[in-house]
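S.K.: no sequence on this one, just coordinates:
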């Protein structure tokens, strides 16, 4: 069928058929014959992920050619090395890394048509199908083969493992009671997972390239932030039904990608970080119509952090190597921070140090952790590390903060600092030469779980008091792990 359509010069779209003439050397017929059935005729995705430059940002072109040639283990991607020449493979790579002539759209009809309700609430059990503490559950994202492992945080044993959409991104969000988890994929798929029945109960595609999802403090509404198209999408948390699409433009009409969305539960609102215009948006979910408040900034800010009350927003101005502190009540800048190492504020944590609140953040370009006084906004310490870091974590019941060395030759190192003295206590190396990253704690803070970020990786469990290894749980390139209790209680030691 595809071959006949190609011969007739027919280009398939999602909603219509458009007749075109294929020029000599055009790679689109090649794409239609071998790729369209899984990735969509317009490259927006289907059973396989979307094949657009923004969606392929983490995959180098040489690696993409290798995937076409040899397939990808633990996925449905077959190998085409026996069917396609090297020239044809390169033609496909060049096609999927080019933008379509017409920018793709994803509107109300597309979102509504994509929604699937697999298990209505009335068909779900009243209590968990397991005996573990449901609030001490972890969901561990295994990026190596696009699965999640549900882990019992008391026994430190897997309870369940299931396949996810391609390339989850932006962290897992839980309903306020800890029963449901909401997952966002790079391709815009939002999945609702029931932790009682251990089943995906609903899915919808809210965008083509999505950054993340946030859930309202009352558990009723989701907000999805998109790179493509430039939209915010409001969904009902109950069944993932569409509430509203909000186009993201400034007052002059300039469109912007959404860097990330956050829930600000104490404010009964969402906060959206914009990538291309100097504004922050606050969307009230307790008001009819979800009104948008625009906070105009002096610079574009990226990678936000909030104080525990969600009154103050701290954003990184990466163009100026600085940080800005914005009072969300007044919408005014109240301080500027000297943050030259490209801080990863989304991984920042807070605690009390010598009677005052401080925040700390790893840095993506410099070998240090920056500790900042949250009263006068002065840098009180720059703790040297063995290389730039990505993730930092702690817990209310431990005196230690953990930070990785995600980049460079010391990527196997995990630093442990004393929050009371701001001094290095120990450098752990879970497996020499292998990347260690992203710590998360059990509900009581007794154990720290470290990701051995490799295809033949593991969760490495440490006693958080003695810093001794307790056990290893084999996994396929585990990345983020998210404890239900710590997340729904907005622990100061983890991301929200």
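M.R.: In hand now; what should we look at? This structure is a prediction, so every number in the text was calculated from the model and none was measured.
S.K.: Show me what residue 317 is bridged to.
M.R.: Following DSSP bridges, residue 317 is listed with bridge partners residue 322.
S.K.: Could you pull up the residues touching it?
M.R.: Residue 317 makes contact with 299, 300, 301, 302, 323, 324 under the criterion CB atoms under 8 Å, 6 or more residues apart in numbering. Using the backbone N, CA and C atoms, a C-beta is placed for each residue, glycine as well.
S.K.: From these, list just the buried residues.
M.R.: Burial by neighbour count, judged by 16 or more other CB atoms under 10 Å, picks out 300, 301, 302, 323, 324 from those.
S.K.: returning to that earlier point: nearest to residue 247, of the contacts of residue 317?
M.R.: Nearest to residue 247 among these: residue 300, at 18.3 Å, using CB to CB.
S.K.: pretty sure the closest one is in a strand, no?
M.R.: No: remark: residue 300 does not belong to a strand; assigned using DSSP: H, G, I helix; E, B strand; the rest coil, it is coil.
S.K.: can you pull the contacts of it?
M.R.: Residue 300 sits next to 274, 275, 276, 277, 278, 317, 319 when contact means CB under 8 Å, 6+ apart.
S.K.: repeat for residue 83
M.R.: The neighbours of residue 83, taking CB under 8 Å, 6+ apart as the test, are residue 34.
S.K.: Please tell me how far it sits from residue 71.
M.R.: Distance, residue 83 to residue 71, by CB to CB, to the nearest Å: 12 Å.
S.K.: re earlier: now the two most distant members of the buried ones among the contacts of residue 317.
M.R.: Using CB to CB, the pair of these lying farthest apart is 300 and 323, separated by 12.8 Å.
S.K.: Can you list the strands that the helix or strand containing residue 479 pairs with?
M.R.: Using DSSP states H and E, residue 479 maps to strand 478-483. Strand 478-483 pairs in its sheet with strand 137-142 (antiparallel), by DSSP bridges.
S.K.: what's next to the partner strand, contact-wise?
M.R.: 148-153, 159, 164, 168, 172, 178, 181, 193, 195, 440, 449, 459, 475-484.
S.K.: For the buried ones among those residues, write the corresponding ChimeraX selection.
M.R.: A single ChimeraX command selects the buried members of the contacts of strand 137-142 (16+ other CB under 10 Å):
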select :148,149,150,151,152,153,159,164,168,172,178,181,193,195,440,449,459,475,476,477,478,479,480,481,482,483,484
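S.K.: Out of the contacts of strand 137-142, list just those in helices.
M.R.: Counting by DSSP state H, those place residue 484 in helices.
S.K.: quick one: the spatially most central residue of the chain from residue 261, how far?
M.R.: Among the residues of the chain, the one closest to the centroid is residue 170, at 1.4 Å (CA atoms, centre = their mean). Using CB to CB, we find residue 170 at a distance of 8 Å from residue 261.
S.K.: tell me, what's touching the two both at once?
M.R.: Counting by CB under 8 Å, 6+ apart, the shared contacts of residue 170 and residue 261 are 211, 212, 213.
S.K.: Report pLDDT for the last one.
M.R.: According to the predicted model, the pLDDT of residue 213 comes to 98.
S.K.: Also residue 129?
M.R.: If you check residue 129, the pLDDT there is 97.
S.K.: ok, now residue 466?
M.R.: For residue 466, the model assigns a pLDDT of 98.
S.K.: Now do the host helix or strand of residue 461, average pLDDT.
M.R.: Taking DSSP H and E as the definition, residue 461 sits inside strand 457-463. Averaging pLDDT along strand 457-463 yields 98.
S.K.: Next: stretch 221-235.
M.R.: Here stretch 221-235 scores 96 as its mean pLDDT.
S.K.: thinking in terms of the whole chain, how far from its middle is the strand holding residue 479?
M.R.: Chain-centre distance of strand 478-483: 11 Å, with CA atoms, centre = their mean, to the nearest Å.
S.K.: And for stretch 370-388?
M.R.: 25 Å.
S.K.: cool, stretch 475-483 as well?
M.R.: In terms of CA atoms, centre = their mean, the centre of stretch 475-483 is found 12 Å from the chain centre.
S.K.: Begin at 9, not 1, for the rest of this chat.
M.R.: From this message on, residue numbering opens at 9, which makes the last subject stretch 483-491.
S.K.: Let me see the mean pLDDT of that stretch.
M.R.: 96.
S.K.: quick one: contacts of it?
M.R.: Stretch 483-491 has contacts (CB under 8 Å, 6+ apart) with 82, 144-153, 155, 157, 159, 161, 179-180, 182, 445-446, 448-451, 457, 459-467, 502.
S.K.: quick revisit: make a PyMOL selection of whichever of the shared contacts of residue 178 and residue 269 turn out to be buried.
M.R.: Selection command for PyMOL covering only the buried members of these, criterion 16+ other CB under 10 Å:
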select buried, resi 219+220+221
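S.K.: Could you list which residues are in contact with the closest residue to residue 418 other than its chain neighbours?
M.R.: Leaving out its chain neighbours, the residue that sits closest to residue 418 by CB to CB, 6 or more residues apart in numbering is residue 394, at 3.8 Å. Counting by CB under 8 Å, 6+ apart, residue 394 touches 375, 413, 416, 418, 421, 423, 435.
S.K.: wait, what's in contact with the third one?
M.R.: Looking back up the chat, that one is residue 416. Residues near residue 416 by CB under 8 Å, 6+ apart: 394, 395, 396.
S.K.: Angles on the backbone of it, please.
M.R.: phi 100, psi -170 (degrees, to the nearest 10).
S.K.: Among the shared contacts of residue 178 and residue 269, which lie within helices?
M.R.: Using DSSP H, no member of the shared contacts of residue 178 and residue 269 falls within helices.
S.K.: Turn the shared contacts of residue 178 and residue 269 into TSV, including distance to residue 355.
M.R.: Shown next, in TSV, are the shared contacts of residue 178 and residue 269 (distance: CB to CB, whole Å):
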residue	distance to residue 355
219	16
220	14
221	18
